[in-house]
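# With the sequence up front, the predicted model follows.
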Amino acid sequence: GENVEQHPSTLSVQEGDSAVIKCTYSDSASNYFPWYKQELGKGPQLIIDIRSNVGEKKDQRIAVTLNKTAKHFSLHITETQPEDSAVYFCPLREGAGSYQLTFGKGTKLSVIP
Amino acid sequence: DARVTQTPRHKVTEMGQEVTMRCQPILGHNTVFWYRQTMMQGLELLAYFRNRAPLDDSGMPKDRFSAEMPDATLATLKIQPSEPRDSAVYFCASGWTGDTEAFFGQGTRLTVV
């Protein structure tokens, strides 16, 4: 089946610095790449996504970049704030025509005030 | 404000007891997912329904777990008998086949003692 590796598993940054989380996938047919954020005590929530025909997408302080040749996509958070502290996931959609999302263990981001 | 509603939010039960978790998907959504989250395994997919029919429950221990959708407004996940290793946070998510986003509920934190 599809495999995704997410790095790092934990990340600590000073408030105001940038944070980058990277996901590597194995299936060349993958065409949808979302990022979910899970705050403490809550369920994951979609924060940004990108499709394979686009190389980069931005939404205020967050951006996602896609490198289809290298099969990886990254989440970039600039000017980090304490409220960015959360667990971030890059789930993959299993199979063509499927709406099933497979998550992993995620990356725990801590923003130090 | 449409949201996925899960009940109960917390459940403590003794080993061997039956546990039923309920989920009300967002009105109009036709896909429902059940996930289990633990520190060790991360977020694991247990079952996936489309139009109330189970499409994939390969992640679910069949001997003690069962998932159903009695109608479009209710999904249930049942564990009988429960074991301490079932202790986790169980999430329900819903979506619809015209979109890629999964909307998560707040989760049910289950503790089996």
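Great, that's in hand. Numbers count the residues shown, from 1 in each chain, chains lettered A, B, ... in the order given.
# Please name the residues that touch whatever residue of chain B ends up closest to chain A.
Here chain B gets closest to chain A at one residue, B:Phe104, 2.9 Å apart by CB to the nearest CB. For glycine as for every other residue, the C-beta is placed from the backbone atoms N, C-alpha and C. Applying CB atoms under 8 Å, 6 or more residues apart in numbering or on different chains to B:Phe104 gives the contacts A:42-45, B:4, B:91-93.
# can you list the residues you listed in a markdown table and add secondary structure, neighbour count and pLDDT?
Shown next, in a markdown table, are these (DSSP: H, G, I helix; E, B strand; the rest coil; neighbours: other CB atoms under 10 Å in any protein chain shown; pLDDT from 0 to 100):
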| residue | secondary structure | neighbour count | pLDDT |
| --- | --- | --- | --- |
| A:Lys42 | coil | 14 | 96 |
| A:Gly43 | coil | 23 | 97 |
| A:Pro44 | coil | 28 | 97 |
| A:Gln45 | strand | 14 | 97 |
| B:Val4 | coil | 24 | 98 |
| B:Phe91 | strand | 27 | 98 |
| B:Cys92 | strand | 30 | 98 |
| B:Ala93 | strand | 25 | 97 |
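# of these, closest to B:Met15?
B:Phe91 (22.7 Å; CB to CB).
# Confirm for me that that closest one is in contact with B:Gln6.
Yes. Taking contacts as CB atoms under 8 Å, B:Phe91 lies within contact range of B:Gln6: 7.5 Å.
# Can you pull the residues that touch both of these two?
B:105, B:107-108.
# of these, closest to A:Ser110?
Comparing those against A:Ser110 with CB to CB places B:Gly107 closest, at 21.3 Å.
# So in chain A, where's the weakest helix or strand by average pLDDT?
Least confident helix or strand of chain A, by mean pLDDT, DSSP states H and E, is strand A:92-93 with a mean of 82.
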